[in-house]
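# Here is the input, now give the coordinates:
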Amino acid sequence: MIVQAVDLGLRASRGWVFRNVDLRVDAGQLLALTGRPGSGRTSLLLALAGHFKTNAGRLTRTGPAALGYIPGLQGPEPALTVAEHIEERLLLIGRWSRRRRREQIETTVAMASALAGEPLHPDAKGRELTSLQRQELCLALAALNEPRLIVTDDVDVGMDSDERRRLWLGLADLAEQGYAVIAAAREADPDIAVDCYELAAPEPEWRSTPGHRRIAVASAEETS
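The predicted model follows:
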C-alpha cells in the first residue's frame, strides 16, 4: 500500500470540499480522480500527496510523494529552458557531479520525450512548451526525486484526443515501472484500463466505463 484514505474529508467554511473518500493505491497502480471543475478533485489529489491538510477521516501514506504538473502550484518556469529545469532539480537533490548532471539531463530529456511521444528540446523555454510537453517535463522531474507516489493534474486540458491518449498511456507506463500514479481529470480515456474514482456524483454509484476497473464514487456537498 502506498496511499490509503478512509472516510477522508475536507470541510471548509463554505462547506465540504470533498468527503467520504475511501480508496487505496498500491505500487504499480494508476488511479484517475475524475469530476467536473469544482468537484474537489485537485484538493483531493494534493491531500493524497501530503500537500493539503484534511480535517475528517484518516490518510495513510508510505514513502515519499512527488508532484507532476499542478497548475498554479507546480509547472515549468516560463523563462527557464528544459535543461535548466532538470539541472535545477538535480542541484536541489544534490547527488550528481557536474559531469553526471550533464549526462542525467540528456537521460531525463529522452525519458520525458518518450513518456508520451512528444519530443522535448533541451533549449526550449517553459513558455514555449505545449500542454503535453509541460506534463512530460513535470512528470520526468517528479521521477528524479525517486518517489513512491507521483500525482499530476489536468491531464485532459489543452490537448487533443490523440495527445490525451498518449499521456494516459505514458502514465500507465510510469505505473508499470513501479510507481503509484494518481492523475486528476474531467474523465479518463475510456479505452485505457485505469482505476477510476469519481467525485461530485449526485449519489454514490459505480462507474461503468468499459475498460475501467470500477472504483466507488465520492460525493461532495456544498452548503452555505
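
# okay, now Leu46: neighbour count?
Leu46 is flanked by 20 other residues according to other Cβ atoms under 10 Å. Where C-beta positions appear, they are placed from N, C-alpha and C, glycine not excepted.

# Same check on Ser97?
Neighbour tally, Ser97, other Cβ under 10 Å: 8.

# Equivalent analysis for Ile105, please.
Neighbour number of Ile105 under other Cβ under 10 Å is 20.

# tell me which element it falls in.
Using DSSP states H and E, Ile105 sits within helix 98-116.

# Return the residues in contact with the residue most central in space within the chain.
Centroid-nearest residue in the chain, with Cα atoms, centre = their mean: Thr152, separated by 1.7 Å. Thr152 is in contact with 67-70, 135, 138-139, 142, 171, 181-184, counting by Cβ atoms under 8 Å, 6 or more residues apart in numbering.

# same for the helix holding Ile105, what does it pack against?
helix 82-93, helix 131-144, helix 161-176 (3 or more Cβ pairs under 8 Å, 6 or more residues apart in numbering; DSSP states H and E).

# Quick check: which of those helices is nearest to His51?
helix 131-144 (12.6 Å; Cβ to Cβ).

# what packs against the closest one?
Using 3+ Cβ pairs under 8 Å, 6+ apart, helix 131-144 sits against strand 65-67, helix 82-93, helix 98-116, strand 149-152, helix 161-176.

# residues contacting Val21?
Per Cβ under 8 Å, 6+ apart, neighbours of Val21: 5, 7-9, 44, 57, 197, 218.

# What is the subsequent helix or strand relative to the helix or strand that contains it?
Secondary structure from DSSP H and E places Val21 in strand 15-25. Per DSSP H and E, the first helix or strand lying C-terminal to strand 15-25 is strand 30-34.

# what angle separates that next one from strand 15-25?
160 degrees (axes from the mean of the first three to the mean of the last three Cα atoms, to 10 degrees).

# Please identify the buried residues of strand 30-34?
Residues of strand 30-34 classed as buried: 30-34 (neighbour count, 16 or more other Cβ atoms under 10 Å).

# Closest to Asp123 out of those?
Looking across the buried residues of strand 30-34 and measuring by Cβ to Cβ, the closest to Asp123 is Leu30, at 31.7 Å.

# Done for today, thanks.
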